[in-house]
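S.K.: this is the structure alone, sequence omitted:
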């Protein structure tokens, strides 16, 4: 194979032209008005969309149900099959079966995109499923994001019925090939899925099952034929992000029978997915499955906060012994499951679904609250990384709010290998950019929902997220792909500013605790921050950074003149005002210390509590620790009374809450109109914990150069963490006991590190092979290459 002569973790492979070959693609679609439609397209290189629509002649749009069709075709492989490859996609969501076997283990393929712009397709090796002779292929379809409910805005945001497209390429042992495509020869009928909606739930009537429908020899005489319609204009693209898959199953920790035939299962963890139900009974017996994140004080299901999301699955028994129900085309956010309609207690497990990117960080300390906090952060990410980064998985929303991921990306890219996931979503975001340069506040955005654009701290995600991904993974392609859009964004901001001051725009410091920061201050701060990032990105890409550096300098000067007083006080005098100014480099050096002191005064005045919202919280502890107030940062982190991270945990949280007081101190729930118990924005504190408690920091983009700088806290006496960086695992383990510190560090191959050992003046540091560099304040700094290192301080 030869030598790989690169030290880069993100080296790109070149694919020769024509390597993908010639593909033919055809659509099949959902049921309406008596038939299906189909079309064909050919291309060199990658598939293009043909269009095929399936319609059922007994269904009208006025009916409340959205039945899911089963599509099938039999074919003959006339020769010995050497290989078989399936390309498939849908406007909606789909599953494919060949000869009675499910293809792949993905959920909700092809994923959510702006279907008017692009549709992802999936590729499967199905050689083991196709045999010489007679074969059959079947496709199940559901509305998904294309025609199902999106948020509280109702269904049909992209289209009224789902479509499917598939192409099976057979290569025979004699070198010849054949293609089986979705065309007018396919047939369809409604299957046992009476309705399926991602938000509302799935209704399944097992009496309508048709065993063998995706196997050869099945009698489909009563099935309807398909018709052909013209191709769509959307671009067909290969899926970039990992698919959604089932990661694990959760067993109930408690089951309560509240009344005869009604059971509540507690899975012990707020999760996202569905259940597997095992039940038996008579044919026609109806089992209802409801989902909730929390319980009312009387032990009943609290679902008011779900708003219009029914989050209810229904199963009608066929009456043939034990039956198993696993929903295919819906997903819920829940910890508690209520099952009614069974005369005996059924068996149930939770099936956890999320984008199948690997988790890359472990983190633990000797403080149980911090360990639970890390668990809550990770579970919040699991539940909200599902095709796109969402804001809440339970209620009728689940939108790709830009401000949420901008706040959380720094933490999320530590916890999960997110490069491909974010790359795909950034394409969704660019698809929303207006000709003037404004990004929508959600992505994907079907349009016409009445949701705004260019919110301060929201629209800036188009700059912040690419840069965060580059810093974490060192892959400059994310900057290459997004740079033009980033420049267009700051040009939009400049055009809509006066004297480099951006007027009030957006949602402000969302869900702060009665500490409202002026929105024009926030907007101007993020304008400056985006300009600074674009300047740094230009340097990376070999472009001229001067215009963007000058823009930042002008905004900074205008910010200081308009919002900063000579004693370092900042307009609004809120925690977030100081946090943004300090962490976005908006203050002259002479005012940094006074401003930080004012921030501490505000925190002290609130009884050592935070008051920040979505924009201030991610930067709050950094503003303190980087300006001489590490003790205060730790005090906030470890606080347990309201408002704090510890308060949520004390109230039983197993994921991050949308509000600091989703459950109030008196036990009452917050306003049900906006009260999610799984909302990762406040989990953004994770990045500070990983970089300061564990001390794992990038010394260069992608961690080829690493900085290890753990900081023991007043009540934190040990920590252990491992981060699987692009260069390999970085591990840190330290403990402080009886005045002595032990530190063990593992640096991956092809990387180097500066290790900052906490050692006050007069302390002795013993090491085993590290190269001493210098002492600075209470740190002794060493340089190391790859390997394992031990330090002892006494």
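M.R.: Great, that's in hand. All of these numbers come straight from a predicted model, not from anything done at the bench. Numbering: from 1, shown residues only.
S.K.: from here on, just use CA atoms for contacts and neighbour counts.
M.R.: Fine.
S.K.: pLDDT below threshold where in the protein?
M.R.: The model of the chain has pLDDT under 70 over residues 1-66, 226-230.
S.K.: and the strands in the stretch 451-600 of the chain?
M.R.: Under the criterion DSSP state E, counting those that start in this stretch, the stretch 451-600 of the chain carries no strands.
S.K.: toward the C-terminus, what is the element adjacent to the longest strand anywhere in the chain?
M.R.: Ranked by number of residues, the top strand in the chain under DSSP state E is strand 262-279. Following strand 262-279 in sequence order, the next helix or strand is strand 286-292 (DSSP states H and E).
S.K.: check which helices and strands the longest helix anywhere in the chain is in contact with.
M.R.: If you go by DSSP state H, the chain has its longest helix at helix 519-540. Secondary-structure packing of helix 519-540 (3 or more CA pairs under 8 Å, 6 or more residues apart in numbering; DSSP states H and E): helix 461-473, helix 477-495, helix 546-563, helix 575-583.
S.K.: could you save those as CSV and add columns showing mean neighbour count and distance to residue 394?
M.R.: Formatted as CSV, the helices and strands packed on helix 519-540 follow (neighbours: other CA atoms under 10 Å; distance: least, CA to CA, whole Å):
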stretch, mean neighbour count, distance to residue 394
helix 461-473, 25, 24
helix 477-495, 20, 31
helix 546-563, 18, 40
helix 575-583, 26, 29
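S.K.: would you list these in CSV and tack on distance to residue 770?
M.R.: Compiled in CSV, these are given as follows (distance: least, CA to CA, whole Å):
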stretch, distance to residue 770
helix 461-473, 25
helix 477-495, 34
helix 546-563, 38
helix 575-583, 32
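S.K.: looking at those helices, which is nearest to residue 747?
M.R.: With CA to CA as the measure, helix 461-473 is the member of these nearest residue 747 (16.2 Å).
S.K.: got the contact list for that closest one?
M.R.: Applying CA atoms under 8 Å, 6 or more residues apart in numbering, the external contacts of helix 461-473 come out as 10, 402-403, 405-406, 409-410, 413-414, 418-419, 422, 426, 429-430, 439, 475-476, 478-479, 482, 485-486, 489, 530, 533-534, 537, 698, 700-703, 725-726.
S.K.: how about the helices of the stretch 51-200 of the chain, start to end?
M.R.: 144-147 (DSSP state H, counting those that start in this stretch).
S.K.: can you name the residues that contact residue 713?
M.R.: Contacts of residue 713 by CA under 8 Å, 6+ apart are 631, 634, 693.
S.K.: how many neighbours does the second one have?
M.R.: By the criterion of other CA atoms under 10 Å, residue 634 has 21 neighbours.
S.K.: next one: residue 455
M.R.: Residue 455 has 21 neighbouring residues, counting by other CA under 10 Å.
S.K.: same check on residue 125?
M.R.: Using other CA under 10 Å: residue 125 sits among 15 other residues.
S.K.: from residue 169, how far off is it?
M.R.: Computed as CA to CA, to the nearest Å, the residue 125 to residue 169 distance reads 10 Å.
S.K.: intersection of neighbour lists for the two?
M.R.: Joint contacts of residue 125 and residue 169 (CA under 8 Å, 6+ apart) are 84, 85, 86.
S.K.: which residues does the second one bridge with?
M.R.: Beta-bridge pairing of residue 85 under DSSP bridges involves residue 125, residue 169.
S.K.: that older thread, out of the helices and strands packed on helix 519-540, flag the one nearest residue 707.
M.R.: That would be helix 461-473 among these, by CA to CA, at 13.1 Å.
S.K.: helix/strand/coil for residue 435?
M.R.: The local conformation at residue 435, judged by DSSP: H, G, I helix; E, B strand; the rest coil, is coil.
S.K.: check the burial of it by counting its neighbours.
M.R.: 9.
S.K.: just give me the neighbour total for the nearest residue to residue 118 once chain neighbours are set aside.
M.R.: Leaving out its chain neighbours, the residue that sits closest to residue 118 by CA to CA, 6 or more residues apart in numbering is residue 235, at 4.4 Å. Neighbourhood size, residue 235 [other CA under 10 Å]: 14.
S.K.: ramachandran coordinates for the residue nearest the centre of the chain?
M.R.: The chain has residue 385 as the residue nearest its centroid, 2.2 Å off, counting by CA atoms, centre = their mean. With angles defined as degrees, to the nearest 10, residue 385 sits at phi -100, psi 90.
S.K.: for it, give me its contacts.
M.R.: Taking CA under 8 Å, 6+ apart, one finds 354, 355 in contact with residue 385.
S.K.: if the closest residue in space to residue 275 that isn't next to it in sequence is in a bridge, with which residues?
M.R.: What sits nearest to residue 275 in space, not counting adjacent residues and going by CA to CA, 6+ apart, is residue 350, at 4.4 Å. Assessed by DSSP bridges, residue 350 has beta-bridge partners residue 250, residue 275.
S.K.: for residue 350, the count of nearby residues, please.
M.R.: The number of residues packed near residue 350 is 25, by other CA under 10 Å.
S.K.: so it is in contact with residue 253, correct?
M.R.: No: between residue 350 and residue 253 there is no contact under CA atoms under 8 Å: 11.2 Å.
S.K.: list residues touching both of these two?
M.R.: Joint contacts of residue 350 and residue 253 (CA under 8 Å, 6+ apart) are residue 267.
S.K.: roughly how far apart are residue 586 and residue 359?
M.R.: 35 Å.
S.K.: I meant residue 757, not that one.
M.R.: 28 Å.
S.K.: tell me which of these two has more neighbours.
M.R.: Comparing residue 757 with residue 359 by other CA under 10 Å, the one with more neighbours is residue 757, at 23 against 17.
S.K.: might you calculate how far the helix or strand harbouring that one sits from the centre of the chain?
M.R.: In this assignment (DSSP H and E), residue 757 forms part of strand 752-758. Distance of strand 752-758 from its chain centroid, counting by CA atoms, centre = their mean, to the nearest Å, is 32 Å.
S.K.: with stretch 713-730 instead?
M.R.: Distance, stretch centre to chain centre, for stretch 713-730: 23 Å (CA atoms, centre = their mean).
S.K.: and that stretch, end to end?
M.R.: 21 Å.
S.K.: how about that stretch: buried residues?
M.R.: Neighbour-count burial for stretch 713-730, counted by 16 or more other CA atoms under 10 Å, picks out 713, 716-730.
S.K.: out of those, list just those in strands.
M.R.: 718, 719, 720, 721, 722, 723, 724, 725, 728, 729, 730.
S.K.: now flag whichever of those residues is closest to residue 513.
M.R.: residue 719 (30.8 Å).
S.K.: need the contact list for that closest one.
M.R.: 363, 364, 365, 366, 693, 694, 732, 733, 734, 735.
S.K.: next: residue 443.
M.R.: Counted by CA under 8 Å, 6+ apart, residue 443 has contacts 399, 400, 401, 402, 425, 428, 429, 432.
S.K.: endpoints of stretch 329-344, how far apart?
M.R.: Termini of stretch 329-344 sit 27 Å apart (CA to CA).
S.K.: contacts for the helix or strand following the strand holding residue 757?
M.R.: Downstream of strand 752-758, the next assigned helix or strand under DSSP H and E is strand 765-767. Residues outside strand 765-767 that contact it (CA under 8 Å, 6+ apart): 759, 780, 789, 790, 791, 792, 793, 794.
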